[in-house]
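> structure here, sequence nowhere to be found:
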């Protein structure tokens with residue numbers, strides 16, 4: 001039994017680390033607490049409840065999680081502190097021992113956040129009730145927590161899938177999230193319709209391995225895409241990340257002529273060396289990846305294509321890295337999300353003998369980031385002087401507004417032109433030159 005009166009008037013602070021999926025889930029946690037009468041604490045206000053949603057994709061991510069927990073505890077003395085997310089699943093006992101942490105919820109338990117929090121409060125007079133942690137073994141992670149939320153942002157983030165069956169040799173995410181699972185197309189369409197009813201215009205589709213949609217319901221990802229495309233009111237959809245082997249040709253064909261799916265793809269490559277891809281246990285080779293990229297550009301010449309690249313993983317010899325660099329250089333991709341390989345306990349990659357030192361990882365990362373900047377700026381430059389629609393997002397008073405074109409060019413509207421009523425509006429602009437740090441194109445209102 002949940003005592004809702006215990007929640008009334010309390011203030012909550014939230015902190016999210018990691019991916020768009022985590023952001024979506026944190027927004028949903030916030031909505032769950034809001035429905036119980038909890039108010040979101042304003043900046044600088046002391047919170048009664050602190051929720052940290054963690055990531056564990058790298059060792060650096062683990063470190064950032066610990067820092068965030070300590071900071072939240074320090075800035076909110078006496079608050080009830082909850083930690084969830086991937087790091088909480090993988091290291092639940094250790095996280096529960098951090099001073100100030102009251103409740104740790106793993107992947108299976110976070111869907112029942114309100115119940116666990118209510119139960120913990122009911123036992124709060126007993127010192128033994130503090131520092132509780134709950135997480136089941138990976139194979140027992142079965143729950144799916146629906147999430148379609150925008151938090152304090154303009155765009156909605158819709159979780160369509162969770163977990164992963166791939167078990168790449170470098171990755172702990174399947175251990176943190178469990179096996180692939182998903183809700184029905186019907187339930188997801190209903191969430192899109194609700195977002196539209198709330199005035200939402202753009203939805204970002206999120207998940208751990210969204211192309212694997214259908215493991216639970218035996219439906220297909222392309223059928224989900226087609227069903228969502230029919231939801232009136234939603235003007236734009238973006239697919240956050242799609243494995244190359246699951247990015248079907250017919251899906252690309254459909255998106256090219258769809259009503260609302262944007263010419264914007266994010267496809268993880270991880271390595272441009274077939275030798276390294278085999279060591280990683282990835283399920284494709286360079287030829288398949290190149291085919292997908294070239295087909296997207298053939299069907300959607302204006303498409304923005306983002307690519308994940310891992311640098312310095314075990315087995316990546318200098319020759320393998322050069323092969324990767326030249327491969328990426330040759331492809332019509334737009335931006336590289338570059339991240340250094342991090343040793344993760346319990347992963348099969350630790351058995352690969354060739355190790356890249358940290359100095360070399362930084363050197364390789366720098367080269368790929370420079371290549372990324374070059375490709376992104378060349379892509380942006382093509383559109384200077386063109387007219388297009390931008391979905392603008394709210395900005396602090398007196399600051400520039402930002403938004404994105406259909407093909408994900410970041411656009412900046414000067415403070416002199418920015419108005420609050422432009423938030424969540426599709427506005428016609430002419431794209432001007434780069435802004436001061438070349439992260440966006442300036443906009444001229446039409």
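Structure's in. What do you need? Just so it is clear, the model here is predicted, and its values are computed rather than measured.

> make it CA atoms for all contacts and neighbour counts henceforth
Noted.

> for the stretch 101-250 of the chain, just list every one of the strands.
With strands called from DSSP state E, counting those that start in this stretch, the stretch 101-250 of the chain shows them at 101-105, 132-134, 148-149, 156-159, 202-206, 236-239.

> got it, and the stretch 251-400 of the chain?
Taking DSSP E, counting those that start in this stretch as the test, the strands found in the stretch 251-400 of the chain are 264-270, 304-311, 335-340, 387-393.

> can I get the ones you listed in JSON lines including distance to residue 17 and mean pLDDT?
Formatted as JSON lines, those follow (distance: least, Cα to Cα, whole Å; pLDDT from 0 to 100):
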{"stretch": "strand 264-270", "distance to residue 17": "20", "mean pLDDT": "98"}
{"stretch": "strand 304-311", "distance to residue 17": "18", "mean pLDDT": "98"}
{"stretch": "strand 335-340", "distance to residue 17": "15", "mean pLDDT": "96"}
{"stretch": "strand 387-393", "distance to residue 17": "21", "mean pLDDT": "97"}
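
> between those, which gets nearest to residue 438?
In terms of Cα to Cα, the element of the strands of the stretch 251-400 of the chain nearest to residue 438 is strand 335-340, at 13.5 Å.

> follow-up on the earlier one: okay if I get the strands of the stretch 251-400 of the chain as JSON lines plus distance to residue 426 and mean neighbour count?
Shown next, in JSON lines, are those (distance: least, Cα to Cα, whole Å; neighbours: other Cα atoms under 10 Å):
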{"stretch": "strand 264-270", "distance to residue 426": "17", "mean neighbour count": "22"}
{"stretch": "strand 304-311", "distance to residue 426": "19", "mean neighbour count": "21"}
{"stretch": "strand 335-340", "distance to residue 426": "24", "mean neighbour count": "20"}
{"stretch": "strand 387-393", "distance to residue 426": "4", "mean neighbour count": "21"}
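
> and of those strands, who's closest to residue 428?
Closest to residue 428 of the strands of the stretch 251-400 of the chain, according to Cα to Cα: strand 387-393, at 4.4 Å.

> which residues does the closest one contact?
With contact meaning Cα atoms under 8 Å, 6 or more residues apart in numbering, strand 387-393 is reached by 153-154, 401-406, 411, 422-431.

> strand partners (parallel or antiparallel) of it?
Strand 387-393 sits in its sheet next to strand 401-404 (antiparallel), strand 426-434 (antiparallel), going by DSSP bridges.

> any chance of those strands in JSON lines, plus distance to residue 182 and mean neighbour count?
As requested, those are exported to JSON lines (distance: least, Cα to Cα, whole Å; neighbours: other Cα under 10 Å):
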{"stretch": "strand 401-404", "distance to residue 182": "29", "mean neighbour count": "22"}
{"stretch": "strand 426-434", "distance to residue 182": "31", "mean neighbour count": "18"}
